[in-house]
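Participant: Kindly generate the corresponding structure for this input.
(one chain, ligands or ions: 1)
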Amino acid sequence: MRLFEAILNANHRAVAGDTSAGLHPAEFAASLPVIALTCVDPRLNAYFPNALALPAEQFIWLRNAGNLITGPLSSTMRSLALACAVKGGEEIAIIGHSDCQVAKTTTVVLLEKLQALGVDRSRLPDNLNEFFGTFGSERQNVIKACDWVRTSPLIGPKIPVHGLLLDLATGKLEWVVNGYQTLEMAASQPNRPAPSIGQPTDSLGGFNLGEMKFPETKIGELATRGQDWLTRKADAIGSQAQVAIHAAAPVVNTVVEPVELVVKQVAAFADKNWPKPPTLPPRKGPPAPLPPPIRPRAKLRRD
Ligand SMILES: [Zn+2]
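Facilitator: All right, here's what the predicted structure looks like:
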């Protein structure tokens, strides 16, 4: 029996009145800790992690209004990715719940409530539904969130992504998306290319992606090192710099955009002055601050 099969089994037995129902976390050490995304509804506070029969230290809890995932690179997706990479999360569960007020609130009502709080309509996005991600069905919302997570390039292909619904009245969990079955189905299908943020890497123009190795370092330092590395690489290969940048994009995608601006200037200079070695044009002002890059998906030591 796999972890969430045992969790659902224990939950159903407990709801049926079996006071001995539970699971032994040590038997599922390879599947722990679990990352759960739930709604912010305070009524959930009493249920987690008890409803999953997990000890608190094996339960990484993310919350947002409506347990929403709005896209493969959304803010919550980044938290899920880091929870896997940095905190060693082994399985992901998107857990919706009954009587979700996000599902019950129409755009008109939401607008009224915001206006009652002094929020000016003219300063809100035109499409409130899209912006806040409001939805009508808790079940469909969980299915949609699981799809986003499963197809996100930020999540490893072997991480099971489950979808559950919690009944607030009883505490009973219902399995909406079985992440194990999703993985088994994917494994039985012909290989499909994994989703990628960057460009295809099959024409590298002599650029060796194997050189793309970052030393172990803190995430904040990685941005600066990544930028320096790419700039040096651009210096070395001149007009092939664009190819190199695109090859590196899936690995350091979040530092590529600002670096790409520098590289374009280097490439233009190199083309104009070849065979003279290219040099970087002087920068104007301080460099733009960089967002933290996505860490390569190595299995990291747990704290
Ligand atoms: Zn809710």
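Participant: C-alpha from now on. contacts and neighbour counts both.
Facilitator: Noted.
Participant: so residue 64 touches residue 39, yeah?
Facilitator: Yes: using CA atoms under 8 Å, residue 64 and residue 39 qualify as a contacting pair, with a distance of 5.2 Å.
Participant: To which secondary structure element is residue 79 assigned?
Facilitator: Applying DSSP states H and E as the criterion places residue 79 in helix 75-85.
Participant: just checking, what packs against that helix?
Facilitator: Packed against helix 75-85 by the contact rule (3 or more CA pairs under 8 Å, 6 or more residues apart in numbering; DSSP states H and E) you find strand 34-38.
Participant: what packs against the strand it packs on?
Facilitator: Packing contacts for strand 34-38, counted by 3+ CA pairs under 8 Å, 6+ apart, involve strand 59-63, helix 75-85, strand 91-97.
Participant: if we can go back for a sec, looking at residue 64 and residue 39, which one has more neighbours?
Facilitator: Higher neighbour count among residue 64 and residue 39: residue 39, with 21 against 13, using other CA atoms under 10 Å.
Participant: All the helices of this protein, in order from the start?
Facilitator: When secondary structure is read from DSSP state H, the chain shows helices at 3-15, 75-85, 101-104, 107-116, 128-132, 138-151, 179-188, 219-237, 241-273.
Participant: average model confidence for the longest one?
Facilitator: Average pLDDT, helix 241-273: 52.
Participant: next one: stretch 24-40
Facilitator: Rounded mean pLDDT across stretch 24-40 is 96.
Participant: same check, this time on stretch 85-97
Facilitator: Here stretch 85-97 scores 98 as its mean pLDDT.
Participant: That stretch and the ion, any residue contact?
Facilitator: No: applying CA under 5 Å from the ion, one finds stretch 85-97 out of contact with the ion, separated by at least 6.2 Å.
Participant: For residue 105, give me phi and psi.
Facilitator: When quoted as degrees, to the nearest 10, the phi and psi of residue 105 stand at phi -90, psi 120.
Participant: Could you check how far it is from residue 113?
Facilitator: Noted for residue 105: a distance of 10 Å to residue 113, by CA to CA, to the nearest Å.
Participant: One more: residue 178?
Facilitator: Distance, residue 178 to residue 113, using CA to CA: 37 Å.
Participant: shaky segments in the stretch 51-200 of the chain?
Facilitator: For the stretch 51-200 of the chain, the stretches with pLDDT under 70 are 190-200.
Participant: For the ion, what's its nearest residue on it.
Facilitator: Closest approach between the stretch 51-200 of the chain and the ion, counting by CA to the ion: residue 100, at 3.6 Å.
Participant: Around the ion, which positions in the stretch 1-150 of the chain sit nearby?
Facilitator: Looking at the ion, the residues of the stretch 1-150 of the chain close enough under CA under 5 Å from the ion are 39, 66, 100.
Participant: List just the nearest of those residues to residue 136.
Facilitator: Distance to residue 136, by CA to CA, is smallest for residue 100 among those, at 9.5 Å.
Participant: Could you tell me which residues make contact with the closest one?
Facilitator: Shown in contact with residue 100 (CA atoms under 8 Å, 6 or more residues apart in numbering): 41, 66, 138.
Participant: In terms of residue numbering, what are the domains of this structure?
Facilitator: 3-188, 199-303 (automatic domain parsing).
Participant: who wins for neighbours among the contacts of residue 100?
Facilitator: Ranking these using other CA under 10 Å puts residue 66 first, with 25 neighbours.
Participant: and that one, what are its phi and psi?
Facilitator: phi 90, psi 10.
Participant: Not including adjacent chain positions, what is the nearest residue to it?
Facilitator: residue 39 (4.7 Å; CA to CA, 6 or more residues apart in numbering).
Participant: Thought residue 96 was touching that neighbour, still the case?
Facilitator: Yes: using CA under 8 Å, residue 39 makes contact with residue 96 at a distance of 6.7 Å.
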